[in-house]
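Asks: show me the folded form of this:
(2 chains)
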Amino acid sequence: MVKRLMILTLVVVLMASVVGCAKPAEPPADTGDASAPKFDGELLLGVMVPVTGSEATYGKDMENAIKIAVEEINAAGGLLGKEVKLTLGDDGCDPQMGSAAASKLVSAEVKAVLGGYCSGATIPTLKIYGDAKVPFVIIAANSTKIIEENPGWAFMINSPGYHQANAAADCHEKLGTTKLALVHQGDGFSEDLATLTKKEWESRGKQVVGFDVVNKGEQDFSSLVTKIKSSGAEGVYWTAYHADGALLIKQLRQGGFTGNIVVADGSSSVQLLEIAGQAGEGVYCTSPPVVDFLPAAKEFISKYTAAYNQQPGPYSGLAYDGTHLLADAIKRAGSTDPDAIRSALEDTKDFKTLSGTITFTPEKVLEKSNFISIKGVGGKWVLAE
Amino acid sequence: MSFREIIIQQLFNGLLLGSFYGLVALGYSMVYGIIKLLNFAHADIYMVGGFCSLSLLAFFGGTFFGNGWLGIIAAMLITMIIVGLLGVLIERIAYRPLRDAPRLSLLITALGVSMILYNSVMVITGGEYKAYKTGLGFEGFSLGSVHVTYTQAILIVAAVSLMFVLHLFITRTMYGKAMRAISMDLDCCRLMGVNVNKIIALTFFVGSALAASAGMMAGVYYGSLHFFMGFVIGIKAFTSAVIGGIGVIPGAMLGGVLLGLLESFGTQIPFIGSEWKDVFSFSILILILIFKPTGLLGKKESERM
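Replies: Residues are numbered from 1 along each chain as shown, chains lettered A, B, ... in the order given. Alright, predicted model coming up:
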């Protein structure tokens, strides 16, 4: 009897909840506001950046900038009459998380994807987007492996590794280095860049006296510092990320190394100078176009600081540029058909952005390098002459 | 740098690295010795010690202590007490109720505690690297091209003195005697009137305080903290404890210094280089364990019934 009563109660409760759900939950959307642009549906774009893990700072900087660009696009009437919406996939700067994020975005049926910070996390997603025919504008990741593995749907708006290898060699040459030691972290991006720089440096008739790796997460580099010092190196080029780069710089100076230190774009965070303290003075960095040094970016910076109460990060400008580039391509394509968007992106010619103009080569990389040299002075990065 | 200078410098690098490993390894070894638990949370205690001292140091920055050596010593003492108590708390909440449970349950609990600790710190710090700012500079002394900063020298001295004090504590006091007795036979000690719970809590206090001091020293020396910083050093400290003979106090110190030296020289050896230094040092460690399975100073232990 008790059992029957319980079942009965359960059935009643269930029915009540079903009826409850069937009722319209919300009143129809407010139509009184005439000033807001009217949209004919939504256009969903994916954002794939790391928002957790050691590179989370950069990922959030990029996401913030993309949001600003999307607000501008929507304020100007959206795309193809539709309101642009974003959905986030967190790649965590990790290949496995990256693949999961890409699959999530693809199954959410995004029309195109913006993002890609760590090359290691970006490379395995190329095939996923390619198979699903989703155009992918890669904002920051710039390993040459991306070019090799690109099935034709990814467009890199940051200069690839070999552009940076030239910039690094130029920077060290200017500083008077002849014997160079390279240090990387064994991941896709940093090893790639170290190898390219080695080739470039040797092709200029100079000597590479060290090619070393440090393990991610390790803190003690003192034995490596001793090795670099004993190799007679006059300059060091660190090709990996800022958290460990700061430790290396600090320990190089603590260990009495007085040569030139140059770091790659993964280390262009102010946090590097903060952690390195006095050791960060006079360290050079081959950097992508940081908005702080771009005259065209004044308006963007003030919008960004007003919205997020902080300065834009090193890749915020590129993220903003990439969003507008994609919007322009979708407009020119005149539809959300993936093939049309892709060929519109391919046809991009001298598209004006904060950091210069964008024209793609047949490999879908930038035609011209966009690297600049910056220098640590008083705990801040300033443009080096 | 001449060959001799390289050797001296790497010897010094290895000693400093090894004393960090040793300090953390002591905690693994003591806890294993007394309740046969691989305390996975120990590496995270090290990390918590780093962050705890950073907050204290930031607090001292504007006061009489400052963030020079005086502030650092004060912060270290307070950190050791706070984190030591955290260790006691963990033992009381997570391990004591399971003391008679199968070893595997205890092991899983330890993993759980580890995750709770580092995830909490991740949430609090936003998962970002934190700069560890002190008033210390890079001044030091040079012998030829061997360069040693005062900070490095003082840290080695501090680590070695802590180990020495611990050694005295274990060998010369009643509490130390009780710890050694419990590690031999817990039930027998209880029958003899030893307050077993108190001594185990004390073991956790001492082990955690030592790990916290190592965490703080790492912060002072390397200049940055991260919620996952315990992972790598945890593995290496645990290895040190096993190599020295787990459960044997001087073994943990010896193992730590040995591993530190192997890593330093592994980096320098031609054709092996930095890429293979872990392979090099761990291969030697495997060789040691093949020939001496109980570790360098470990004694053969017959299975207790």
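Asks: tell me which other helices or strands the helix or strand hosting A:A329 touches.
Replies: According to DSSP states H and E, A:A329 maps onto helix A:316-333. With contacts taken as 3 or more C-beta pairs under 8 Å, 6 or more residues apart in numbering or on different chains; DSSP states H and E, helix A:316-333 sits against helix A:56-75, strand A:112-115, strand A:136-138, helix A:298-308, helix A:338-346, strand A:351-353. To be clear about C-beta, it is placed using only N, CA and C from the backbone, and glycine gets the same treatment.
Asks: buried residues in it?
Replies: Neighbour-count burial for helix A:316-333, with 16 or more other C-beta atoms under 10 Å in any protein chain shown as criterion, is recorded at A:316-330, A:333.
Asks: sorry, back to before: mind putting the helices and strands packed on helix A:316-333 in TSV, mean pLDDT and mean neighbour count included?
Replies: Output for these, formatted as TSV (pLDDT from 0 to 100; neighbours: other C-beta atoms under 10 Å in any protein chain shown):
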stretch	mean pLDDT	mean neighbour count
helix A:56-75	94	21
strand A:112-115	95	28
strand A:136-138	96	28
helix A:298-308	92	14
helix A:338-346	94	18
strand A:351-353	90	17
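Asks: among those, which is nearest B:S240?
Replies: helix A:56-75 (31.8 Å; C-beta to C-beta).
Asks: let me know the angle separating that closest one from helix A:316-333.
Replies: 40 degrees (axes from the mean of the first three to the mean of the last three C-alpha atoms, to 10 degrees).
Asks: do helix A:56-75 and chain B meet at all?
Replies: Yes. Judged by C-beta under 8 Å from any C-beta of the partner chain, helix A:56-75 and chain B are in contact via A:56-57.
Asks: remind me what the next helix or strand after that helix packs against, helices and strands.
Replies: With elements assigned by DSSP H and E, the helix or strand that comes after helix A:56-75 is strand A:83-90. Counting contacts by 3+ C-beta pairs under 8 Å, 6+ apart, strand A:83-90 is packed against strand A:42-49, helix A:56-75, helix A:95-107.
Asks: got the buried residues for strand A:83-90?
Replies: By neighbour count on 16+ other C-beta under 10 Å, the buried set for strand A:83-90 is A:83-84, A:88-90.
Asks: follow-up on the earlier one: got a markdown table for the helices and strands packed on helix A:316-333, with distance to B:I182 too?
Replies: Listed next are the helices and strands packed on helix A:316-333 as a markdown table, based on distance: least, C-beta to C-beta, whole Å:
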| stretch | distance to B:I182 |
| --- | --- |
| helix A:56-75 | 45 |
| strand A:112-115 | 56 |
| strand A:136-138 | 60 |
| helix A:298-308 | 56 |
| helix A:338-346 | 69 |
| strand A:351-353 | 69 |
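Asks: re earlier: and which of the buried residues of helix A:316-333 is nearest to chain B?
Replies: Chain B lies nearest to A:S316 out of these, by C-beta to the nearest C-beta, at 16.9 Å.
Asks: which residues does the nearest residue to that closest one once chain neighbours are set aside contact?
Replies: Spatial nearest neighbour of A:S316, excluding adjacent residues (C-beta to C-beta, 6 or more residues apart in numbering or on different chains): A:A65 at 3.9 Å. Each residue near A:A65 by C-beta atoms under 8 Å, 6 or more residues apart in numbering or on different chains is listed here: A:300, A:304, A:312, A:315-317, A:319-320, A:323.
Asks: between the helix holding A:A329 and strand A:83-90, how many degrees?
Replies: 130 degrees.
Asks: give me the average confidence score over helix A:316-333.
Replies: Across helix A:316-333, the average pLDDT comes to 94.
Asks: can you dump the C-alpha atoms of that helix in CSV for me?
Replies: Extracted in CSV, the C-alpha atoms of helix A:316-333 (Å, rounded to 0.1, in the frame of the first residue of the first chain):
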residue,chain,number,x,y,z
SER,A,316,44.9,41.8,-27.5
GLY,A,317,45.6,44.0,-30.6
LEU,A,318,46.0,41.0,-32.8
ALA,A,319,42.8,39.4,-31.4
TYR,A,320,40.9,42.6,-32.1
ASP,A,321,42.4,42.7,-35.6
GLY,A,322,41.6,39.1,-36.3
THR,A,323,38.0,39.6,-35.3
HIS,A,324,37.5,42.5,-37.7
LEU,A,325,39.3,40.6,-40.4
LEU,A,326,37.0,37.7,-40.1
ALA,A,327,33.9,40.0,-40.0
ASP,A,328,35.1,41.7,-43.1
ALA,A,329,35.6,38.4,-44.8
ILE,A,330,32.1,37.2,-43.9
LYS,A,331,30.7,40.4,-45.2
ARG,A,332,32.5,40.0,-48.5
ALA,A,333,31.5,36.4,-48.7
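Asks: next one, pLDDT for A:W201 please.
Replies: Taking A:W201 on its own, its pLDDT is 95.
Asks: all strands for chain B, in order.
Replies: B:130-131, B:140-143, B:146-149, B:224-225 (DSSP state E).
Asks: any chance of these in TSV, with distance to A:T197 too?
Replies: Shown next, in TSV, are the strands of chain B (distance: least, C-beta to C-beta, whole Å):
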stretch	distance to A:T197
strand B:130-131	28
strand B:140-143	31
strand B:146-149	27
strand B:224-225	25
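Asks: and those strands: which comes nearest chain A?
Replies: It is, among the strands of chain B and with distance given as C-beta to the nearest C-beta, strand B:146-149, at 3.4 Å.
Asks: re the thing from before, and the buried residues of strand A:83-90, which is closest to A:L354?
Replies: A:V84 (19.3 Å).
Asks: residue numbers of the stretch 251-385 of chain A in contact with chain B?
Replies: Counting by C-beta under 8 Å from any C-beta, the stretch 251-385 of chain A sits next to chain B at A:251, A:253-256, A:271, A:274-279.
Asks: do the stretch 51-200 of chain A as well
Replies: Near chain B, when you scan the stretch 51-200 of chain A using C-beta under 8 Å from any C-beta, you find A:52-54, A:56-57, A:186.
Asks: wait, doesn't B:G27 sit right on B:F40?
Replies: No. With contact defined as C-beta atoms under 8 Å, B:G27 does not reach B:F40; the gap is 11.4 Å.
Asks: between those two, which is the more surrounded one?
Replies: Per other C-beta atoms under 10 Å in any protein chain shown, whichever of B:G27 and B:F40 has more neighbours is B:G27, with 30 against 21.
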